[in-house]
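Student: Give me the fold of what follows.
(one chain, ligands or ions: 2)
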Amino acid sequence: MRILVIGSGGREHALVWKLGQSPRVSKIFAAPGNGGTHGEGAINVPVAADDLDGLVALAQKEKIDLVVPGPELPLTLGIVDRMREAGIPCFGPDAHCARLEGSKAFAKEMMLRARVPTARSAVFADAEMAKNHVVKVGAPLVVKADGLAAGKGVVVARDSQEALQAVDDIMNARAFGAAGDRVVLEEFLVGEEASFLCLCDGTRAVPLPSAQDHKAAWDDDQGPNTGGMGAYSPAPVLPDDRLEEMADLTIRPILAELAKDGHPFVGVLYAGLMLTADGPRVLEYNARFGDPECQPLLMRLQGDLAQIMLDCVNGELDPASIGNSGQTALGVVLTAKGYPRAYPKGLVIKGIAEAEARPGVKVFHSGTAVKDHVLISSGGRVLCVTALGDDLPAARKAAYAALEEIRMPDGYFRKDIGNKGMRRLARK
Ligand code: AMP
Ligand code: GLY
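Tutor: Ligands and ions are numbered 1, 2, ... in the order given. From the prediction side, this is the model:
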């Protein structure tokens, strides 16, 4: 099988790594890929993840048997529809289904229809009406740009002033462009978050083990929001024996509604959950693997990922084919200092071989490039140092010990990845 992975982050490196373990896979292309996908032996091709024409042409030229889009943008732009027209199997939802991620208003509408528990909310296309609503309901309140905003379109406003400012930024100053044509104003929820991902074949949804991301830049969940500073699986807040219940509550009803509309969901449907005192609530849907959740999840996956994805595309996913190791995997993201604000690029990275010489350790590249045979940073998130361990304390210890081996000037990482899980285990 010849595979094309679309994207250039840590998630895509993990996908290339895992797909490469399948005996059925003969060659992998990455568009555009990164230093890590190159290191796995994939062929990096400089076609951007949003260049649909270029991607279809590449898949045709290289006689690709399965396309695997990593990020949300090609999905919302309709890469699956385009590949389908060209007769090329593509593991992901069509553009209609990807609106679950591409439009928060659409996601809310579907949750209402499917009776999925979520925060109370209202959608506005007019800034003045949105502001009147803010004044009426007061704070705390969550203000969300409707469209894609690279994870930055959500403001948790502590007071009305902050909420009014957020509405202004999103709708009037157009901080996220057309993504701010509409805003969702949402009830503020309290609880612990978990990432819940299911593999979907159009009708069936099979849960992967739970994971937990760390979105804030600094320790103790302080500081600006990022793409994710580290993740681990399983998250003790959502143990294995609750996964089926969670799929019935948050994923399967959505699949049923989409199928009714003639759009069976294929790919990964990811519910961002808030586990509140009143039960689970869906904060958002993603139509793909999370980054960095994908890295620990794929470290634990024992099945043949290429076969699993092909089975999903063909509507014949076998739950028994997935297989997850009972171990814990934990990944810590190394960033360039300053991320998510301004940060330096071109930092020389050393020590990956030493880190990977440790048992159970894999270093996934997020933003790296190879220049004159030297590995350098090319993004804010640079690496995700991931380790398997028999339990959370062991995985955590192994990941942080491996990080010590990595040498990069002006690097930064959170020191508390996994701490919420450790506290929960200690309370048991
Ligand atoms: P989202 O992109 O919708 O997942 O939102 C990003 C982050 O904002 C989430 O991971 C939460 O930490 C926070 N958030 C979103 N919605 C709410 C809510 N209704 N109540 C509290 N926090 C929220
Ligand atoms: N880690 C969160 C996301 O991928 O959206």
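Student: need the residues of the stretch 151-300 of the chain near ligand 2, please.
Tutor: Within reach of ligand 2 by CB under 6 Å from any ligand atom, the stretch 151-300 of the chain has these residues: G151, D213, G228, N286, G290, D291, E293. Backbone N, C-alpha and C define where each C-beta goes, glycine included.
Student: Keep only those of those that are in strands.
Tutor: D213, N286 (DSSP state E).
Student: What residue in the protein is the furthest from its centre?
Tutor: What lies farthest from the middle of the chain is K136; by CA atoms, centre = their mean that is 34.4 Å.
Student: Could you double-check that V332 lies in contact with G228?
Tutor: No - proximity of V332 to G228 does not meet the contact threshold set by CB atoms under 8 Å, at 10.8 Å.
Student: Name the residues contacting each of these two.
Tutor: Common neighbours of V332 and G228, using CB atoms under 8 Å, 6 or more residues apart in numbering, do not exist here.
Student: ok so, going back, list just the nearest of the residues of the stretch 151-300 of the chain next to ligand 2 to S160.
Tutor: Relative to S160, the closest of these is G151; by CB to CB it sits at 24.4 Å.
Student: Report how many residues lie close to that closest one.
Tutor: Neighbours of G151 under the rule other CB atoms under 10 Å: 16.
Student: again, but for L298
Tutor: Around L298 there are 24 other residues, counting by other CB under 10 Å.
Student: Next one: it from L275, what distance?
Tutor: Look at L298 and L275: by CB to CB, to the nearest Å, they are 24 Å apart.
Student: can you check V143 too?
Tutor: 22 Å.
Student: Settle it for me: which of the two has more neighbours?
Tutor: V143 (25 against 19).
Student: which residues does the spatially closest residue to that one that is not a sequence neighbour contact?
Tutor: Spatial nearest neighbour of V143, excluding adjacent residues (CB to CB, 6 or more residues apart in numbering): A166 at 3.9 Å. By CB under 8 Å, 6+ apart, the contact list for A166 reads V143, V155, A157.
Student: Specify which member of the residues you listed is nearest to G20.
Tutor: Nearest member of the contacts of A166 to G20, counting by CB to CB, is V155, at 40.0 Å.
Student: The residue nearest the centre of the chain: what's it in contact with?
Tutor: Centroid check for the chain by CA atoms, centre = their mean gives G290 as the closest residue, at 1.4 Å. Shown in contact with G290 (CB under 8 Å, 6+ apart): R11, S195, L197, A211, D213, G228, A231, Y270.
Student: Quick check: the first one vs L197, distance?
Tutor: In this case it means R11. 12 Å.
Student: which residues are common contacts for the two?
Tutor: Contacts common to R11 and L197, judged by CB under 8 Å, 6+ apart, are F289, G290.
Student: and the residue of the stretch 1-150 of the chain at minimum distance from ligand 2, how many neighbours?
Tutor: Nearest to ligand 2 in the stretch 1-150 of the chain, going by CB to the nearest ligand atom, is R11, at a distance of 7.4 Å. Here the count is done by other CB under 10 Å, and R11 has 27 residues near it.
Student: Show me what the helix or strand harbouring it is in contact with.
Tutor: Per DSSP states H and E, R11 falls inside helix 10-19. Residues from elsewhere that reach helix 10-19 (CB under 8 Å, 6+ apart): 3, 5-7, 25, 28, 30, 33-34, 36-37, 40, 42, 68, 70-71, 289-292, 294-295, 298-299, 301, 305-306, 331, 333, 362, 364-366, 381, 383-384.
Student: Output the set of residues of the stretch 101-250 of the chain in proximity to ligand 1.
Tutor: Counting by CB under 6 Å from any ligand atom, the stretch 101-250 of the chain sits next to ligand 1 at A119, V142, K144, V154, V156, E186, E187, F188, L189, E193, K215.
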